Structures are given as structure tokens and as C-alpha cells.
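Trainee: Okay, sequence plus prediction incoming.
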Protein chains: 2
Amino acid sequence: MPADAVLTSSVDPTSDRPVYKQIADHLREAIARGRLQEGKQLPSEAQLMDHYSVARMTIRNAVRLLQDEGLVTAEHGRGVYVRSRPPVRRLASDRFAERHRKEGKAAFIAEAQQVGATAQVDMIEVSEERPSAEIADRLGISDNASVVVRSRRYLLDGKPVETAISYIPADLAHGTPIGDPNPGPGGIYARLEERGHMLERFTEDVTTRMPTPQEVRLLNLPSGVPVFRLVRTAYDMDNRPVEVCDTVMAGDAYQLSYELPAR
Amino acid sequence: MPADAVLTSSVDPTSDRPVYKQIADHLREAIARGRLQEGKQLPSEAQLMDHYSVARMTIRNAVRLLQDEGLVTAEHGRGVYVRSRPPVRRLASDRFAERHRKEGKAAFIAEAQQVGATAQVDMIEVSEERPSAEIADRLGISDNASVVVRSRRYLLDGKPVETAISYIPADLAHGTPIGDPNPGPGGIYARLEERGHMLERFTEDVTTRMPTPQEVRLLNLPSGVPVFRLVRTAYDMDNRPVEVCDTVMAGDAYQLSYELPAR
DNA sequence: GAGTGGTCTAGACCACCAC
DNA sequence: TGGTGGTCTAGACCACTCT
């Protein structure tokens, strides 16, 4: 795609605004107005250099801005493309209600199949460790106590979308399959309830930030995509925390929906 | 701060990993290990060029990576500094419960004062318009109908943290001060309830993404900070949507907390 | 004025992709 | 093989901050 086909304007050298930002503005507007549609290739760096009569670094700075905004992704050897919004998975606030409560893996697969997506879970690891100060605090236990740690990664249609690490106080897990890779039907919540810890409520604390390099790898994130960090704590009827689940979710893959009573 | 004071290692030119990423790794580790503490200045570009014996663009690419991750912010003419996490405002899921329900502005100021912060609201604008397709859909009205649009910006300790735009169907607002800049004590929710639309529940849909350039200006966001978009819909006892509030929040200023029943 | 980061140029070589 | 983006160099001038 030649640059002139989508970009009519040229830069204003007398403007205070840096040239690369002006070029980014042009490209951003072309995307917003639909002259550059989702999935379409941007003019190549060479074409843009030619069109604007600037050096390559100026073009690269402009394109970098759009990458940081999450508007485009560069593919080495192929070109730069307008990002197409991936389908968003909507998480309803009643997803842990009793009537359809399942352990994470089962719930994930069931929900995915409902919308016709294929779901996988991989990188499952189970261990027993000392909790971090934050996890110990949320579980209301000493950080000298021991917790069962269950970590895994979720994929939708082959694309990784979420990592999750569950922490369960070891004294609640011992004598149950909670410490096994496969905790049995209904997952760890079923095992906890069998043990007498009927679940009463969950809290979810949601923050957002840019991913760490490790998270970029695990979730295969393009640049310009933030993550949700969602920490869920499960409480039993005695108001005792029985599980903390620390999840990191690809920010472009989820919409979190909650319902709040007004009275 | 000379580079040698915080960076012991040098780059491995035989590695496949690009030099600038290796340098970013060093700096990231120095931050993680506390050798570079919050608020501290990084070695200058000149010092880093000297330490690693590379060109300036290589250093700038490394520092840019850390900026994109939200770890550091560059200040023109001063230096590059390790970002200090601003205090986080925790939004509880019961903040719209009847017992302490107030309109946005009043609620914001009251909550801020509770934690000893000063709160301001500015850029208040009120108008009457046709709704976008999304807003009309959420309000369950025709996009030919008219809505009162109330927009404003919230600041904590002088720092802008949130923009909000409320949409109220015009037929609910007419004959009330909802269309005035100051809707009176208790805010628009009080006016809606006086009119017989007792509030029953709210839904909140939360997504995250990188800010637009406009949002960067309005919220004075450093690079590497995503935003929450939170769309709240208020329903009356007849399950009719009576308000949609579209807010964009600085991602580093908020933790959203929700409570979910398990049964 | 000295030191900082911000913008921009003009090249070079490389790695990846598609034809 | 030619075109794409990725990395890197070696300079230049500018704008901003602090003293």
C-alpha cells in the first residue's frame, strides 16, 4: 500500500509539534476514520520516508508511538498492521455462584465451550511453599505456615489469555487431593466444601499495569497491551479465607462485569 | 549517579539478545533488587553510553523499554527516575450502597477526605445530545432520543485521576436540576429517586487499554500507565436503566474491589 | 553555562518473510 | 531475491532544568 493512498497531508515544519508526532497523528487519524482498516497493512517505512521526506528513525518513532498505544503491531519481515480487536471474554460477577460453580479449569472450559471457543489449560504445576507476605496476609495465616500452590495457564483458541496461581493453606489441603495435579470432580472448591468449609463469598481486587517481560512471554502479548491483575479470595461460612487466586489476564481479552446492589 | 555504582555487569556481544535489551535487563534488575530505589535517578545517558561503550540510540532504546513497562519516567532536562507508585485509591463494591450514596462529585470528595486527601472536580460540562449507539443500547432507548450529558474530571491532591461522563435519558431529567451544572444535594441519584426512580442495582463493566493521546493530556499520564474504562449502569426498581456513567481512570491510581456471593 | 533528555539525520548490517 | 522491520553507529542541534 503506497503511503499516498491513505495519507493526503504532509507535516508542518513550522509547528512546535515534533514531526514524528505529526506523522503519528496522521496515521492515527487514518485508522480512526477507517482509511486504514483493522488487519490492513500500513505503508512501509520506506514509503513513509519517501512520502514525508524524513529519515527512517523519524518514521520509526511515529510507528512506535502507535504500537505503544496498542493501535498497530509490527511483524518482522512482513509489515506493520492495524490491530484487530480480539474477541473479548466477558466474566460475569456470578460466575462463582453455587449453581454453576466449578474449579477454575472446569469453569474455564465450560464457559469457553458455551461461546464455541476451544479451551486449553497447560503449564500446570503444584507445589507446597511458604507464602509471600501478601498472600499470607490475605489468607490470614503466618508466613511461616505452609501453602499448597497450584499454578496454570489458560488458552482460548490456542491463544494464551491468563495465568493463575492458587494458594490454599496446607492444613486445609492435607488429606485431600488438593495437592494433586488433578483435584477431582468439581475442583478444589468441591474438596474444600466436602471438608466442611462451605463457601460463603469471594472478594476480587482488580488492578491494571503493563506486563513484565515474563508475562509478555507467557501471554504472548503484543506491545501496547496492558494486563489485569485480579486477586480473588474465597471465604468460608466462618469468614475464614480458604483460597487466594492470583491471576494475570491479557487486557485485550477480557471484560470484567460486576453487579452491585443499590440498597 | 555514575553508572558503575549500580551496574556491575556488561553486555555479552555474542548473545543473541539485542544489546539494548540486555542493558534494559540490567537496569530492570537493579530496580527490582533495590539498587535503584523508588524516586532515584538513573545514570544519565552519557554515563550509560560510557559504561556500556555503545551509541546513544542503544541506550535510549533500553530506557524506552523501561518507560513502556511503567518502571521509570524521563523528565526533560532533569533525568530519568524510578517511578514511585502513587497511593492507590481503593474503590469498594458497596460504595453506591444506599447508606452512603451520593452523586459522583460528593462521593468522591467525601471518600477522599476520609483518607486525608484533597479532592477537586473540574472541567464540569453539561449538555443535551443524541446518544452514541453504545450508550443508547445500554440505556435501552432509541439513538434518536435525547440524553443529558454530564462530564467532569476528578483530581486527588491536585493530580487528575479520572474523567467521567454521565448519560441520563432526557425524559427523566426534564423538570429536575439534573440538566444544571449543580444538581443539588445528593446529586443526580437523589433527584432520580425523588422522581420515583428508586435505585435497585448497578452493573459495572471494566476493561483496560492504553490511553489515547487525549486521555494522556487529561489525566497527565506518564508513559507505561494503562487506563481502566469502567462503564456503570444504574437500574431502577422497574429494571429500567436510568443512568450510564462512562469513566476513564488512571490505571496506577485505583484498585477496584468487588464482593461476590458464593451462593 | 553545564548537564540533562528530545528530536532528527544518514548511513550500515542483520533477520525474517514471501515469492 | 527483494522487501520488510530490527538493531546499531556517529554525529548534529534543540529544549529544558538547575545553579
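Mentor: Looks like it arrived, so ask away.
Trainee: was I right about A:I141 contacting A:A133?
Mentor: No: between A:I141 and A:A133 there is no contact under Cβ atoms under 8 Å: 11.2 Å. Placement of C-beta: from N, CA and C, glycine included.
Trainee: Comparing those two, which residue is more hemmed in?
Mentor: Looking at A:I141 and A:A133 with other Cβ atoms under 10 Å in any protein chain shown, you find the greater number of neighbours at A:I141, namely 19 against 8.
Trainee: For the more buried one, grab phi and psi.
Mentor: Note on A:I141: its backbone torsions stand at phi -130, psi 170 [degrees, to the nearest 10].
Trainee: Repeat that for A:A112.
Mentor: With angles defined as degrees, to the nearest 10, A:A112 shows backbone torsions of phi -70, psi -40.
Trainee: Now it. Nearest residue, chain neighbours left out?
Mentor: The shortest distance from A:A112 to any residue that is not its chain neighbour, by Cβ to Cβ, 6 or more residues apart in numbering or on different chains, is 3.5 Å, and that residue is A:A119.
Trainee: how close does that neighbour sit to A:V88?
Mentor: In this structure, A:A119 and A:V88 are separated by 15 Å, where distance is defined by Cβ to Cβ, to the nearest Å.
Trainee: how about low-confidence regions in the stretch 1-150 of chain A?
Mentor: Flagging of the stretch 1-150 of chain A using pLDDT under 70 yields the residue ranges A:1-3, A:99-105.
Trainee: Write out the residues of the stretch 1-150 of chain A neighbouring DNA strand C.
Mentor: Contact residues, the stretch 1-150 of chain A versus DNA strand C (Cβ under 7 Å from any atom of the strand): A:18-21, A:53-58, A:61, A:75-78.
Trainee: pLDDT score for the closest residue to chain B within chain A?
Mentor: Of all residues in chain A, A:P226 sits closest to chain B, at 3.4 Å by Cβ to the nearest Cβ. Note on A:P226: pLDDT of 98.
Trainee: so how far is A:V206 from A:P87?
Mentor: According to Cβ to Cβ, A:P87 stands 21 Å off from A:V206.
Trainee: Compare these two (neighbour count), which wins?
Mentor: It is A:V206, of A:P87 and A:V206, that has more neighbours when counted by other Cβ under 10 Å, with 23 against 12.
Trainee: got the residues of chain A near DNA strand D?
Mentor: Residues of chain A lying close to DNA strand D by Cβ under 7 Å from any atom of the strand are A:42, A:44-47, A:56-57, A:60, A:74-80.
Trainee: and the residues you listed, which are buried?
Mentor: Those of these that meet the buried threshold are A:42, A:45, A:47, A:60, A:74, A:79-80, by 16 or more other Cβ atoms under 10 Å in any protein chain shown.
Trainee: From the residues you listed, which land in strands?
Mentor: Helix and strand membership here follows DSSP state E; of these, those in strands are A:74, A:79-80.
Trainee: Next, format those as TSV and append distance to chain B.
Mentor: Compiled in TSV, those are given as follows (distance: Cβ to the nearest Cβ, whole Å):
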residue	distance to chain B
A:A74	14
A:G79	21
A:V80	17
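Trainee: which residues touch the residue nearest to A:A112?
Mentor: Residues counted as contacts of A:A119 (Cβ atoms under 8 Å, 6 or more residues apart in numbering or on different chains) are A:108-109, A:111-113, A:154-156.
Trainee: A:R90 and A:S132, how far apart?
Mentor: Computed with Cβ to Cβ, the distance linking A:R90 and A:S132 is 31 Å.
Trainee: Also A:G186?
Mentor: Counting by Cβ to Cβ, the gap from A:G186 to A:S132 is 28 Å.
Trainee: Repeat that for A:M210.
Mentor: When Cβ to Cβ is applied, the distance between A:M210 and A:S132 equals 21 Å.
Trainee: out of these two, which sits in the more crowded spot?
Mentor: For A:M210 versus A:S132, the count of surrounding residues by other Cβ under 10 Å is larger for A:M210: 25 against 13.
Trainee: Contacts only, for that one.
Mentor: Residues in contact with A:M210 (Cβ under 8 Å, 6+ apart) are A:226-227, B:68-70, B:224-226.
Trainee: farthest-separated two in the buried ones among the residues of chain A next to DNA strand D?
Mentor: Checked with Cβ to Cβ, these reach their widest spread between A:Q47 and A:A74, with 14.7 Å between them.
Trainee: For the stretch 51-200 of chain A, which residues are neighbours of chain B?
Mentor: By the criterion of Cβ under 8 Å from any Cβ of the partner chain, the positions of the stretch 51-200 of chain A lying close to chain B are A:57, A:64, A:68-70, A:88, A:93-94, A:96-98, A:101, A:199-200.
Trainee: which of the residues you listed count as buried?
Mentor: Judged by neighbour count, with 16+ other Cβ under 10 Å as the criterion, the buried members of those are A:64, A:68-70, A:93, A:96, A:101, A:199-200.
Trainee: need those residues in JSON lines with secondary structure, can you?
Mentor: Formatted as JSON lines, those follow (DSSP: H, G, I helix; E, B strand; the rest coil):
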{"residue": "A:R64", "secondary structure": "helix"}
{"residue": "A:D68", "secondary structure": "helix"}
{"residue": "A:E69", "secondary structure": "coil"}
{"residue": "A:G70", "secondary structure": "coil"}
{"residue": "A:S93", "secondary structure": "coil"}
{"residue": "A:F96", "secondary structure": "coil"}
{"residue": "A:R101", "secondary structure": "coil"}
{"residue": "A:L199", "secondary structure": "strand"}
{"residue": "A:E200", "secondary structure": "strand"}
